[in-house]
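Trainee: I need the structure of the sequence given here:
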Amino acid sequence: MSMPKHLLVLRHGESEGNVANNKAKAGDLSSFTDEFVTTPGRTWRLTELGVSQAKLIGEWLRKELKLIHELTPVDEALATRLYTSPYVRTRQTAGNLQLTLGSREAEWYVNRTIRERDWGDIDSIPKQHFREDPIYRRNAQKMEVDPLYWRPPGGESIQDVADNRVRNFLDTLHRECSDQLVVAVAHGEFMKALRLVLERTSDEEFLIQEKDKTRKIPNCQLIQYTKSVELAGLESQVHTPRLQFTRTITPLVEEGRCEVTPWTRINFHRPTNEDLLAI
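Mentor: Got it, this is the predicted structure:
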């Protein structure tokens, strides 16, 4: 058994929660009504833009899946497994991708381990309220200086998600989807934790990436991983059961296209004694 040969994970499209939080950042708190803050975030729906994002990335994804199957040797069976988080916005995104399994309609596995990070007590309050409220002030300071291990009151840290849920999901893929093609519709914070594990990101690298705007995961961005040298078009002397190449695909609705970054090889670096002491 090994990991899937191809793994494509995408964030849901723009949701009601995204709009409310973006407006709040600009000083408009009108969306944070009593009904909004008492409604579970898992029920937030996609906006019209979110649906358009899902349909656009779906067009790209259908072409990519066709290419992957064309590059697969005839004598190798490449089964496909589709996963989605149970949240409404992810299920809506998955449905709007309009994927098929050959001549059959897509059948999805609804998997709770790939749900959004639990933000606990601060899930439905504007982030600036969290930063300004005396009750949370010390906690907000910890969030700024230690975003990897910081845990929201009653919630999960990124490291919690990586250890408890990402590894659980990857174990499932290892057991049930060896050398298959897997597509999963998840959430930004889950994907951030997934990167942490699959790309073996160090604590120091994570802090640098948190400040790098190019590493942000916008709505409906897809992160693609593969073992296939042929698909990535990169030479590799390393034959590994790991997913060793990655790139991102982002839908640009206003331009009617998807922005695709070049493939890069994941550096599976193991520190030496000198490396450890240098840190």
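Trainee: what's the residue closest to the geometric middle of the chain?
Mentor: Per C-alpha atoms, centre = their mean, the C-alpha nearest to the average position across the chain is that of Met191, at 2.6 Å.
Trainee: Please identify the helix or strand for that one.
Mentor: Met191 is part of helix 188-198, with elements assigned from DSSP states H and E.
Trainee: Buried residues of that helix, list them for me.
Mentor: 188-196, 198 (16 or more other C-beta atoms under 10 Å). All C-beta spots, glycine's among them, are computed from the backbone N, C-alpha and C.
Trainee: For Glu255, state which of those residues is nearest.
Mentor: Gly188 (21.7 Å; C-beta to C-beta).
Trainee: and Thr43, how many neighbours?
Mentor: 12 (other C-beta atoms under 10 Å).
Trainee: What residues does it make contact with?
Mentor: Neighbouring residues of Thr43 by C-beta atoms under 8 Å, 6 or more residues apart in numbering: 87-88.
Trainee: For Leu101, see how far away it is.
Mentor: 28 Å (C-beta to C-beta, to the nearest Å).
Trainee: sec struct for Leu10, please.
Mentor: Three-state assignment for Leu10 (DSSP: H, G, I helix; E, B strand; the rest coil): strand.
Trainee: wait, I meant Glu259
Mentor: Here Glu259 is recorded as strand under three-state DSSP.
Trainee: pretty sure it is touching Leu222, no?
Mentor: No. Under the criterion of C-beta atoms under 8 Å, Glu259 makes no contact with Leu222, lying 10.7 Å away.
Trainee: Counting neighbours around each, name which of those two comes out higher.
Mentor: Taking other C-beta under 10 Å, Glu259 and Leu222 do not tie; Leu222 has more neighbours (23 against 11).
Trainee: just to revisit the earlier point, mean confidence score for the helix holding Met191?
Mentor: On average, the pLDDT along helix 188-198 is 97.
Trainee: After that helix, which helix or strand is next? Please name it.
Mentor: Using DSSP H and E, the helix or strand that follows helix 188-198 in sequence is helix 203-210.
Trainee: Please point out which parts of that following helix sit buried.
Mentor: Those would be 206, 209, for helix 203-210 by 16+ other C-beta under 10 Å.
Trainee: Show me what it is in contact with.
Mentor: 147-148, 158, 196, 201, 215, 279.
Trainee: Mind giving me the ChimeraX select for the residues you listed, buried ones only?
Mentor: Only the buried entries of the contacts of helix 203-210 go into this ChimeraX selection, using 16+ other C-beta under 10 Å:
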select :147,148,158,196,201
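Trainee: just checking, which of the contacts of helix 203-210 belong to strands?
Mentor: Taking DSSP state E, every one of these sits outside strands.
Trainee: Would you reformat the contacts of helix 203-210 as CSV and include distance to Arg247?
Mentor: Formatted as CSV, the contacts of helix 203-210 follow (distance: C-beta to C-beta, whole Å):
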residue, distance to Arg247
Pro147, 24
Leu148, 24
Ile158, 22
Leu196, 18
Thr201, 17
Arg215, 13
Ile279, 28
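Trainee: In the stretch 151-279 of the chain, where is pLDDT below threshold?
Mentor: 236-240 (pLDDT under 70).
Trainee: Show me the strands in it, by range?
Mentor: Using DSSP state E, counting those that start in this stretch, the strands of the stretch 151-279 of the chain run over residues 181-186, 222-226, 245-252, 257-260, 264-265.
Trainee: How far does stretch 8-18 stretch from one end to the other?
Mentor: For stretch 8-18, the first-to-last residue distance is 23 Å (C-alpha to C-alpha, to the nearest Å).
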